[in-house]
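Visitor: Make a model of this:
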Amino acid sequence: MEEKLSREEILSRSRQENRKGDERERTIRVEGESFSLLFALLMGLILLFWKRAHGLPDEDVMCMFWTACVANRLYRLTQRKNTFDLVTLLLSLALLAWNLVKFFQMT
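Guide: Next up is the predicted model:
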């Protein structure tokens, strides 16, 4: 049989469901972050090609790229506990460390 809820109970449940913002706001925020990350990646590629074309070191750009990869995999690993995410996290960490060492060696 269907349960009848009082107005206060309905409002309480609604507040609890939306305490981190409503679904539309969360979707807009996530899509906006993804959109900005795409532009940052494109700019990184432009800078990477420019530096390589002119024989300049590119470890700074690569550090930023691998940092984004590490952050993405770390988040996904905490949410999904997937072995593939662990492997790609470790690979990304290794490449980030390698590029950081190369970056600090040139300064």
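Visitor: quick one: the residue nearest the centre of the chain and Thr88, what's the gap?
Guide: Residue closest to the mean C-alpha point of the chain, counted by C-alpha atoms, centre = their mean, is Asn72 at 4.0 Å. According to C-beta to C-beta, to the nearest Å, Asn72 and Thr88 sit 9 Å apart. All C-beta atoms are positioned from the backbone trio N, CA, C, and that covers glycine.
Visitor: Have a look at the protein and report the helix or strand with the lowest mean pLDDT.
Guide: Least confident element among the helices and strands of the chain, by mean pLDDT, DSSP states H and E: helix 7-17 (a mean of 78).
Visitor: So what touches that helix?
Guide: For helix 7-17, contacts defined as C-beta atoms under 8 Å, 6 or more residues apart in numbering pick out Leu5.
Visitor: Could you identify the helix or strand that succeeds it?
Guide: Going down the chain from helix 7-17, the next helix or strand is helix 23-53, by DSSP states H and E.
Visitor: helices or strands next to the helix or strand following that following helix in the packing?
Guide: Next helix or strand after helix 23-53 toward the C-terminus (DSSP H and E): helix 59-80. Packed against helix 59-80 by the contact rule (3 or more C-beta pairs under 8 Å, 6 or more residues apart in numbering; DSSP states H and E) you find helix 23-53, helix 83-106.
Visitor: picking up where we left off before, how far does the least confident helix or strand of the chain sit from the chain's center?
Guide: The chain centre lies 32 Å from the centre of helix 7-17; the measure is C-alpha atoms, centre = their mean, to the nearest Å.
Visitor: Using CSV, write out every CA atom in that helix.
Guide: Taking Å, rounded to 0.1, in the frame of the first residue of the first chain, the C-alpha atoms of helix 7-17 are listed here in CSV:
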residue,chain,number,x,y,z
ARG,A,7,4.6,18.0,3.6
GLU,A,8,7.5,18.3,6.1
GLU,A,9,8.7,14.7,5.3
ILE,A,10,8.6,15.5,1.6
LEU,A,11,10.6,18.7,2.0
SER,A,12,13.1,16.9,4.3
ARG,A,13,13.7,14.2,1.8
SER,A,14,14.0,16.7,-1.0
ARG,A,15,16.6,18.8,1.0
GLN,A,16,18.6,15.6,1.8
GLU,A,17,18.6,14.6,-1.9
